[in-house]
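S.K.: okay, here's the prediction I keep looking at, along with the sequence it came from:
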Amino acid sequence: MKKSKFDISSQIPLSFRIKDFFRSMLFWRGRSKGMIYTRNIELKDLRYIFFPKGFEEKYGYLGTSIYEKSHYFKAIYPLVLALDYEAKPKWCPRWFLRFLDVFGNDRSIVRVRNRRLADLHNKLTKGIGFIDWKTKWSHYDLRISIHAPKHLQDLAEDIEGGFYSRGKQKELVEEIKAIDPDASIIWGSVSRLEKQLEELENAKD
């Protein structure tokens, strides 16, 4: 049957109707309750779910916040892969976990947008997540916080210890070379380099 020229739906392009449909679904306004608020859902959240950009977004459902260009990326990314291995059920695609991260957790480790979806996310991932990372006192004093079984907690501590040791050794060697450019360096021990630096400083005094 031929549509009337006065039929509005027949005059709207299909591409526009599809975009309008997604806008009606995705641009959900955030809500506030006291000091707690949820953000507005935007079209970029759909891209994050189905077409993640880079390492950080791919494993974003874990709560990761580490950019590939970061100085700390090479130290931390093995831990993220290990968390993903333990957290993601083999049958469950990551896009679905990112979906739950957006619509359940509001892409946050402290907010809840939808309790049922948030609980499902927690159940599927067994509560495993990357909480935060930061440095303290110096650039090599790395601190990592995760929710995970003990063997992954041990891995995080080993990464922290190794990163600190390498950074501290590099700093000590620079101080030693500043006093004696021809000094013989044996890498591998912070205490040994500290002793060597102390002996050079005492000799200089």
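M.R.: Thanks, I have the structure now.

S.K.: pLDDT below threshold where in the protein?
M.R.: Flagging of the chain using pLDDT under 70 yields the residue ranges 1-12, 16-36.

S.K.: try 50 this time
M.R.: 3-8, 24-27 (pLDDT under 50).

S.K.: geometrically speaking, which residue is the centre of it?
M.R.: Thr64 (1.3 Å; Cα atoms, centre = their mean).

S.K.: from Tyr164, how far off is the closest residue to that one other than its chain neighbours?
M.R.: Leaving aside its sequence neighbours, Thr64 sits nearest to Phe130 (Cβ to Cβ, 6 or more residues apart in numbering; 4.9 Å). In this view, the C-beta of every residue, glycine as well, is placed from N, C-alpha and C. Per Cβ to Cβ, to the nearest Å, Phe130 is found 19 Å from Tyr164.

S.K.: from Ala118, how far out is Asp132?
M.R.: 19 Å.

S.K.: and what of Ile41?
M.R.: 15 Å.

S.K.: what strands line up against the strand or helix carrying the residue nearest to Thr64, and which way round?
M.R.: Using DSSP states H and E, Phe130 sits within strand 129-135. Using DSSP bridges, the strands paired with strand 129-135 are strand 142-147 (antiparallel).

S.K.: can you give me the strands for the protein?
M.R.: With DSSP state E as the criterion, the chain has strands at 32-33, 36-37, 129-135, 142-147.

S.K.: of these, which approaches Tyr59 most closely?
M.R.: Closest approach to Tyr59 among the strands of the chain (Cβ to Cβ): strand 129-135, 8.0 Å.

S.K.: dump the closest one to CSV, keeping only the CA atoms.
M.R.: Presented in CSV, the C-alpha positions along strand 129-135 are these (Å, rounded to 0.1, in the frame of the first residue of the first chain):
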residue,chain,number,x,y,z
GLY,A,129,39.1,-5.2,40.4
PHE,A,130,41.9,-2.7,40.1
ILE,A,131,41.2,0.0,42.6
ASP,A,132,44.0,2.6,42.2
TRP,A,133,47.7,3.2,41.7
LYS,A,134,49.8,6.1,42.7
THR,A,135,53.4,7.1,43.7
